[in-house]
Every structure is written in structure tokens, then in C-alpha cells.
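Colleague: After the sequence you'll find the predicted model.
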There are 2 protein chains.
Amino acid sequence: MNNPKQETKLKVRPACESCGVRALCLPVSLDGEALSLMDDLVKRRAPLKKGDYLFRTGDKFKSLFAIQYGSMKSYGLTIDGKEQVTGFHLTGEVLGMDAIDEDVHHCNAVALEKTEICELPFSALEHLQNEVPSLQHDLNCIMSREIRRDHHMLLMLGSTTVEQRMARFLLNLYERLQKRGAENNILNLSMTRQDIGNYLGVAFETVSRQLAHMQDEGILEIKNRNIHLLDVDRLEAIAG
Amino acid sequence: MNNPKQETKLKVRPACESCGVRALCLPVSLDGEALSLMDDLVKRRAPLKKGDYLFRTGDKFKSLFAIQYGSMKSYGLTIDGKEQVTGFHLTGEVLGMDAIDEDVHHCNAVALEKTEICELPFSALEHLQNEVPSLQHDLNCIMSREIRRDHHMLLMLGSTTVEQRMARFLLNLYERLQKRGAENNILNLSMTRQDIGNYLGVAFETVSRQLAHMQDEGILEIKNRNIHLLDVDRLEAIAG
DNA sequence: CGGGGGGTTGATACATGTCAAGCGATGTGG
DNA sequence: CCACATCGCTTGACATGTATCAACCCCCCG
């Protein structure tokens, strides 16, 4: 196993394993003092159970939230009341950045499994920015990453064939997990087929069929919600 | 000629009409001194002609770009070399924020018509953030807006029916123009049907047919690339 | 005037949505 | 601990929407 991507594990201070800095996956531009200031800033929270909400549309924005462990989905409601999934969020990712501008959350964020969250009160974070200039750049980077992630998603959804969308979806998850240091090719989907279908803009039966088809082709292996990627290259070829 | 774009107005200091601050649509939290610092920062550029590139994938990131007048599209290339449109950008919007993190542009940005651009060197901008704390918050807000805009797009593309996607696409453009002060219901599409189809993940013939169908229904009126929205309510009902 | 790109429209094949039935896993209460 | 209910998932049959191929028109530009 000499996968280069495994090397891209996050270089964060081991001393700070469970704090917000780690969760934020900040580049390590902060010195010891700044780190302890960050630590003071972070609010602990009881872990979310599956189905618990972190915030809802219309909630006042107070904090950013970093996922320390677990996964979440965010969704909005259409006028006729239907759920529209806008994203899945994995360990190490940050939620709530779309609310900074108008001070109000614009989507619902719900836990897909037991999930531990780090709360970062935003006013304190902005205040700390003044004292720690490098934090400014870090925050800019985090938001930039989120924007790029979203653009990547848009690119993903813009294909006409469902096969491509599925492939891109799976590869996207795969890459995100690799970045976090996953050491095998197994995707442990925490969301339902319905959620995936909703997200990709296809019927959930089609998701099921596409996965089955890819399994027939030997590209992957399905065990309930565990998907073992057998042939990443071919998946990439499909994704285009 | 009563082109809506000519009416476009932003609520910023009139003294600063053609500078970067105006283009950025910053909340007016800056005082006179800060404004003049911003002005010094901004680089003028010759206007882009239709088809000119602002940046390309792989270009080193140096500046953010604010559109003062005109429109652009951004796109990436799939492995097999096909264009994949990731977004359209109108007057007053900012490009390049996805490049902050890795210092490299991740998409191509090309002008869809004659377009005037304001260049904001990013290192200078971050430096100015130190001296003008409120600018920090403003920049956070701008990036937050971009993130929310992208989420909105994701929401848009996640519907199974093409009719919904078209409706959401049109409404999205409509809202963005309204925000900039447009005073009628005419969308002046600067992109081709191909671009729209590519962006929405449908064949361009389908775009054409959907528009024709909506015209038959009396929802809108098509005159080449000018689309007159006659019944916004119904469009919203379709969008769901 | 001619050429070319963009746009519309039509015919056809095919992929995907929809409806329906059944299976499997999971969790709950007796 | 088991039985049951529920939810999620798979698979099949069918109808429909959309991609594809093709012809043609229109408008802009050289």
C-alpha cells in the first residue's frame, strides 16, 4: 500500500487532537499562544444522535460548526414543501459558512449518524482574527475550500448521464475520505439511497440500479451501505 | 433601448462609482480613509472582449476579480476534454475566490460579452485587512455570499424534471438582476443555449424546447436571447 | 453575397421515472 | 429473546421524457 493520497493526511499539532483547530483542519500557521486562544474559543457540545438537528433554516447565525466525527446532510425546502438535499458533510468539514453574510442559516443541518461537533462562536473568531493576523488567511482558505468544493459539486451535477453523476459522486466521497486519511477503498455511506437520489436529481430506484450495474461490471462491491471500490480507474473513466 | 443592465445601480458611495468597492458591492462599512486605501489597491484593466479569458485553469492566483459591467462564464474540463460549465457571473459579482486556498485557479473564466473587470490584488487586500478590521468582515461576507449562491445552484440542479431546472435557472438570473436594480422582467441572456444546457445537465435542444413550451403557456416571451418573463408567479410554482 | 454559428423543430430510440411487489435489516415492545 | 412492524433497498414492468440525429431557418459577420 503506497498510496500517495494517504500522505496528504492533515498536518495538525497532535497536542490539539480533539479541539476545534484540528476539526477546522487549519493549516498550521498558528503559534502556541494563538492555538491556546483558539482552544479557549471552542465550545464543547454533547454529540448529536442520528436525526438530531444542528441548526435549521431561519435560525440566527452565531457559530461555525466543525465536524469532529460523524457526518451530516444539509437540505432546504422547496415552496411545495419537498426536501432538497444540498450537501453531505464529513469529518473535518465546516458547516454554517453560508450564514455569515446575512446572519441567518439558510438550510437545515441534520446528523446522519452519531456526530460530534465543535462549536466556534463567530464573533469571537472574528475578534481573534484581529489579534492573530494569520488566522485571517486561514479562515479565507477554509471558505475558499468550501467554494471550490461547491464548484466541484456543480460540475458533478452538470452531466447529462446518471452514470456519470453516480461515478462523480462516489469519487468525490472517495477523495474526501482519502484526504482525511482513510486507508482503504471502502465508502461507508451514512445517507440513504433516497438522499443520494435527491441530491443527484434522480429517482432513488435509479441510484439502486446504477450501483447494481456497476457491481455487475466489477467496478465496486455493495454490502448494504458499505461500498467497496474495486476499480477506481474505471470509475474515473466513467466520470470523464 | 431600455436595457435593464443600463439601469443597474448599487447602493454604494456615489463618490466611488467606478472603483473596486462599487464592484465588490461591499456593505458600506468603510470610512473615507479606508475607501481611498481600497481605491489605491484596485488595478484598472482594459475591458475584455467577448471570448477573452480572464484566467485559465492552472494560472497562479494573484487577484480577485470583480465584474463592473458585463458577464462571464466559468468552466472546467473533464478528463475526456469536454467543457463543463460551472457558473455564470453577472455585473457586481466576484470571481476567483475558489483559488485563494491553493493559490491556483481551478477553472477557466471567459467573457460572454464586452466586460469590464476590476482587479483586486489579493495579498494587498489581505494586508489591508489588518489595517481595516471591518474589511475583514466584509470579505467574509462576500465569500459567504458566494457559498450561499453555490448552495442555491446545487439546490437548483438537484431536481429530477428539466422543467423545474429551467424555471429555477431563469428565476435565479431574474433575482440576481433584481438585486442589482433591474427594473423590468427582461432577461438578456448573454450565454448560448449550449452553455445553458451544459450547465443544467440537459441537451441544448431540450433547453430550446422547454423555453418554447413555456412560451406556449404564456409564461414568457422569447426574442432571440431576450426573455421577457410574463408570469413570474407561475414560474415560481413550477420551480417548486 | 456567401458562410457559419446559433437556434428551432421533427422523428426515433433509449434511458429514466413511476408504480408495484417483495426482500432484508433494524429496532421496539411484549 | 423472539415476533412484529417499519424502513430502506432491490427488482420488475411499463409509460414517458429526453438524448440523439438530422434538416432547416435565421441572423450576424465578413
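Modeller: Everything's here; your move.
Colleague: Could you report the distance from A:I227 to A:L155?
Modeller: According to CB to CB, to the nearest Å, A:I227 and A:L155 sit 22 Å apart. Yep, even glycine has a C-beta here, placed from its N, CA and C like the rest.
Colleague: And A:C107, by the same measure?
Modeller: 21 Å.
Colleague: of the two, who's got more company?
Modeller: It is A:C107, of A:C107 and A:L155, that has more neighbours when counted by other CB atoms under 10 Å in any protein chain shown, with 25 against 21.
Colleague: What sits closest to the more buried one if chain neighbours are left out?
Modeller: Leaving out its chain neighbours, the residue that sits closest to A:C107 by CB to CB, 6 or more residues apart in numbering or on different chains is A:S74, at 4.5 Å.
Colleague: What pLDDT does the model give the one you found?
Modeller: What the model reports as pLDDT for A:S74 is 96.
Colleague: What does the pLDDT read for A:H137?
Modeller: 89.
Colleague: Please tell me how far it sits from A:A239.
Modeller: Distance from A:H137 to A:A239, by CB to CB: 32 Å.
Colleague: One more: A:G58?
Modeller: From A:G58 to A:A239 the distance is 36 Å (CB to CB).
Colleague: and what of A:I147?
Modeller: In terms of CB to CB, A:I147 sits 21 Å off from A:A239.
Colleague: rewinding a little: pick out whichever of A:G58 and A:A239 has more residues nearby.
Modeller: A:A239 (21 against 9).
Colleague: how about that one, what does it touch?
Modeller: Counting by CB atoms under 8 Å, 6 or more residues apart in numbering or on different chains, A:A239 makes contact with A:164, A:167-168, A:171, B:78-79.
Colleague: And the residue nearest the centre of chain A, which helix or strand is it part of?
Modeller: By CA atoms, centre = their mean, chain A has its centre lying nearest to A:H89, at 2.6 Å. Using DSSP states H and E, A:H89 sits within strand A:83-90.
Colleague: domain assignment for chain A?
Modeller: A:4-146, A:160-239 (automatic domain parsing).
Colleague: Just list the residues touching A:R56, thanks.
Modeller: By CB under 8 Å, 6+ apart, the residues touching A:R56 are A:105, A:108-109.
Colleague: Try it again at 7 Å.
Modeller: A:R56 makes contact with A:105, A:108 under the criterion CB atoms under 7 Å, 6 or more residues apart in numbering or on different chains.
Colleague: Report pLDDT for it.
Modeller: On the pLDDT scale, A:R56 gets 96.
Colleague: Report the separation between it and A:M72.
Modeller: 13 Å.
Colleague: partners of A:I227 in the sheet?
Modeller: A:L187, A:I222 (DSSP bridges).
Colleague: what about it, how many residues close to it?
Modeller: 21.
Colleague: Likewise for the one 5 residues further on?
Modeller: Neighbours of A:V232 under the rule other CB under 10 Å: 15.
Colleague: Residue ranges in chain A under the pLDDT threshold?
Modeller: A:1-31 (pLDDT under 70).
Colleague: how about a cut-off of 80?
Modeller: Applying pLDDT under 80 to chain A picks out residues A:1-39.
Colleague: Which positions in chain A make contact with DNA strand C?
Modeller: Applying CB under 7 Å from any atom of the strand, we find that chain A lies next to DNA strand C at A:161-163, A:201-203, A:205-206, A:224.
Colleague: which of those residues are buried?
Modeller: A:162-163, A:201-202, A:206 (16 or more other CB atoms under 10 Å in any protein chain shown).
Colleague: Give me the subset of the residues you listed that also touch chain B.
Modeller: A:201-202 (CB under 7 Å from any CB of the partner chain).
Colleague: Quickly check the buried ones among the residues of chain A next to DNA strand C for the two that are furthest apart.
Modeller: A:E163 and A:G201 (13.6 Å; CB to CB).
Colleague: just the helices in chain A please.
Modeller: Secondary structure of chain A (DSSP state H): helices located at A:20-24, A:32-41, A:122-131, A:133-157, A:162-179, A:193-200, A:204-216, A:232-239.
Colleague: what's the most buried one of the ones you listed?
Modeller: helix A:20-24 (a mean of 24; mean count of other CB atoms under 10 Å in any protein chain shown).
Colleague: And for A:E183, the neighbour number?
Modeller: Using other CB under 10 Å: A:E183 sits among 11 other residues.
Colleague: wait, I meant A:G51
Modeller: 9.
Colleague: Let me see the contact set for it.
Modeller: Neighbours of A:G51 in contact, by CB under 7 Å, 6+ apart: A:110-111.
Colleague: Please report how far it lies from A:L35.
Modeller: 34 Å.
Colleague: Over to A:F65?
Modeller: 20 Å.
Colleague: near DNA strand D, anything from stretch A:168-187?
Modeller: No - against DNA strand D, stretch A:168-187 shows no contacts by CB under 7 Å from any atom of the strand, the least distance being 12.4 Å.
Colleague: can you give me the end-to-end distance of that stretch?
Modeller: 14 Å (CA to CA, to the nearest Å).
Colleague: related to what we said a few turns ago, now tabulate the domains of chain A in TSV and tack on distance to B:A99.
Modeller: Listed next are these as TSV, based on distance: least, CB to CB, whole Å:
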stretch	distance to B:A99
domain A:4-146	7
domain A:160-239	18
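Colleague: check contacts around the closest residue to A:L230 other than its chain neighbours.
Modeller: Distances taken as CB to CB, 6+ apart place A:L220 nearest to A:L230, at 5.6 Å, with adjacent residues excluded. A:L220 sits next to A:214, A:227-230 when contact means CB under 7 Å, 6+ apart.
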